[in-house]
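>>> Need a 3D model of the following:
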Amino acid sequence: MDRDRNPLRRLYRWTESLAERPSGTWSLFGLSFAESSFFPVPPDVLLITLGIGRPRRSFWFAAVCTAGSVAGGLAGYAIGVFLFESVGRALLEFYGAMEGFEHVRELYRRHDAWIVFTAGFTPIPYKVFTIAAGACSINVPVFVIASLLGRAGRFFLVAAALWFFGPPIKPFLEKYFNLLSILFVLALLGGFVLLKFVL
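You can find the predicted model right below:
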């Protein structure tokens, strides 16, 4: 099938095209906000495209991306608190997460901050967990701090790669970012497990 006929592929290309506009930075904030509550395309696409064009501003773009994403996460949280039955449930069903909602609820009960951080950093759809966090009444300061750490860790890692390597890093990031982010979280969790046994 022609990749350009794929709706998701066209959405990806449209997201990339936002970097060519004068309002590219604002678009990055808006996309980051939307992706945290309902939009399917991750903001990394636009972050990478903007950073490729201006590598020395990569960390600024990462900061904008983080701010928009955390703000959008709070919007997703609000959907979970106030609009779960009318909006939140439909979004979770759209992403195929409604069947596992009770499992997510149990995960939040046991590991609230870690779940938010992991969802914020990895390819797991962050919006699913922001809505679920609101529906499960996760402590708001904990939610914000964990979101900030997870999202900043993800976006500043991309920015660092762009700053140091420039345009040649784009194909590598697009191909391997999801795998790298999962490996990072596994290594981080493994470090905490090892620390627990050492102590």
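>>> What segments of this protein are helices?
For the chain, the helices defined by DSSP state H occupy 7-17, 24-35, 44-53, 58-82, 89-94, 101-121, 126-135, 140-165, 169-198.
>>> got the contact list for the shortest one?
When you say that, I think you mean helix 89-94. Applying C-beta atoms under 8 Å, 6 or more residues apart in numbering, the external contacts of helix 89-94 come out as 37-38, 79, 98, 101, 127-128, 131-132. C-beta here means a position set from N, CA and C on the backbone, and glycine is covered the same way.
>>> circling back to that earlier point, mean neighbour count and mean pLDDT for the helices of the chain - can I get that in TSV?
Output for the helices of the chain, formatted as TSV (neighbours: other C-beta atoms under 10 Å; pLDDT from 0 to 100):
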stretch	mean neighbour count	mean pLDDT
helix 7-17	13	60
helix 24-35	21	88
helix 44-53	23	80
helix 58-82	22	94
helix 89-94	17	83
helix 101-121	18	77
helix 126-135	27	86
helix 140-165	20	90
helix 169-198	12	59
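>>> In a markdown table, list the contacts of helix 89-94 along with distance to Leu91.
Listed next are the contacts of helix 89-94 as a markdown table, based on distance: C-beta to C-beta, whole Å:
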| residue | distance to Leu91 |
| --- | --- |
| Ser37 | 8 |
| Phe38 | 6 |
| Ile79 | 7 |
| Met98 | 9 |
| Phe101 | 12 |
| Lys127 | 7 |
| Val128 | 8 |
| Ile131 | 6 |
| Ala132 | 10 |
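>>> Surely Val70 and Leu149 touch.
No: when contacts are counted by C-beta atoms under 8 Å, Val70 is not listed as touching Leu149 (9.9 Å).
>>> got the contact list for Tyr108?
115, 132-133, 136, 138.
>>> any idea what sits nearest Ile124, other than its immediate chain neighbours?
Of all residues not flanking Ile124 in the chain, Thr118 sits nearest, at 6.7 Å (C-beta to C-beta, 6 or more residues apart in numbering).
>>> same deal with Ile52?
Residue nearest to Ile52 in three dimensions, not counting chain neighbours: Pro167, with 5.1 Å by C-beta to C-beta, 6+ apart.
>>> Near that neighbour, how many residues? Count them for me, please.
12 (other C-beta atoms under 10 Å).
>>> how close does it get to Phe59?
Computed with C-beta to C-beta, to the nearest Å, the distance linking Pro167 and Phe59 is 17 Å.
>>> Repeat that for Ile115.
With C-beta to C-beta as the criterion, Ile115 and Phe59 are 27 Å apart.
>>> next one: Val45
Applying C-beta to C-beta, the value for Val45 to Phe59 is 18 Å.
>>> And for Ser17?
Counting by C-beta to C-beta, the separation of Ser17 from Phe59 is 23 Å.
>>> Repeat that for Gly166.
Applying C-beta to C-beta to Gly166 and Phe59 gives a distance of 14 Å.
>>> what's the answer for His111, then?
From His111 to Phe59 the distance is 30 Å (C-beta to C-beta).
>>> Likewise for Arg89?
For Arg89, the distance to Phe59 equals 38 Å [C-beta to C-beta].
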